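A.B. asks: I would like the atomic coordinates for the input below:
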Amino acid sequence: MSIKPLVFLPDPVLRQVSKPLERVDETVRSLADDMLETMYEAPGIGLAAIQVGEPLRMLVIDLSKEDEPRAPQIFVNPEIVASVDERSVYEEGCLSIPDYYAEVERPAAVTVDYVDIDGKKRQVEADGLLATCLQHEIDHLNGVLFIDHLSRLKRDMVVKKFRKIARDKPPSRMAG
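C.D. replies: Coordinates of the predicted model:
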């Protein structure tokens, strides 16, 4: 397992629509392990493959608390197939938009079809934090960021801030 570099706003990679995986094989399992390792190191509770520069429809989630054993969940080709009308609001953050949090309103519960890490088709009915996290990460797979759910003014301010950070950051140098 290895920690992958995260992709940050305003990188256009984050706006790519990810491609479905045709099968779950050792390469996919290895990427899932790397994604989990990267997410834990960050630390975060969810990570989409596109956030480590892989435009593939896969995401990982672990909602366990600090004092609980890890409970990683891997979703390949996840698709929201149903959602309720009831709404809930959570303060969301994103590993690709560090240190920025905002309240986002989403459906309170969703049904998601996906393939598990063993290649079996599954369905999960999620509510609470899991529903929010799944929607947030599936948005990533569609090139959508949580700031897209904010007012245009707030979104533009965030994008402007991260463009400035990217512009002011000294260029990285390759070791050699």
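A.B. asks: so Glu37 makes contact with Ile3?
C.D. replies: Yes: the criterion here is CB atoms under 8 Å, and Glu37 meets it with Ile3 at 5.4 Å. All C-beta spots, glycine's among them, are computed from the backbone N, C-alpha and C.
A.B. asks: And the closest residue to Arg29 other than its chain neighbours, how far from Leu36?
C.D. replies: By the measure of CB to CB, 6 or more residues apart in numbering, the closest residue to Arg29 outside its immediate chain neighbours is Ile117, 6.1 Å from it. Going from Ile117 to Leu36 by CB to CB, to the nearest Å gives 11 Å.
A.B. asks: can you map out the helices along the protein?
C.D. replies: 26-41, 128-141, 152-168 (DSSP state H).
A.B. asks: Can you give the distance from the longest one to the centre of its chain?
C.D. replies: With CA atoms, centre = their mean, to the nearest Å as the basis, the distance from the averaged C-alpha position of helix 152-168 to the chain average is 20 Å.
A.B. asks: so what's in contact with Ile117 and Leu36 at the same time?
C.D. replies: Residues touching both Ile117 and Leu36 (CB atoms under 8 Å, 6 or more residues apart in numbering): Ile74.
A.B. asks: List the contacts of the nearest residue to Cys94 once chain neighbours are set aside.
C.D. replies: Nearest in space to Cys94, with sequence neighbours left out and distances taken as CB to CB, 6+ apart, is Phe146 at 5.6 Å. Contacts of Phe146 were listed using CB under 8 Å, 6+ apart, and they are 92-94, 97, 102, 104, 136, 139.
A.B. asks: Just the ones of those in strands?
C.D. replies: Judged by DSSP state E, those include 92-94, 97, 102, 104 as members of strands.
A.B. asks: so where's the protein uncertain?
C.D. replies: Of all residues in the chain, those with pLDDT under 70 make up the ranges 170-176.
A.B. asks: Can you give me the neighbour number for Asp18?
C.D. replies: Just so we're on the same page, residue 18 is Ser rather than Asp. The number of residues packed near Ser18 is 20, by other CB atoms under 10 Å.
A.B. asks: Next up, the contacts around it.
C.D. replies: Residues in contact with Ser18 (CB under 8 Å, 6+ apart) are 48-50, 54-58, 140-143.
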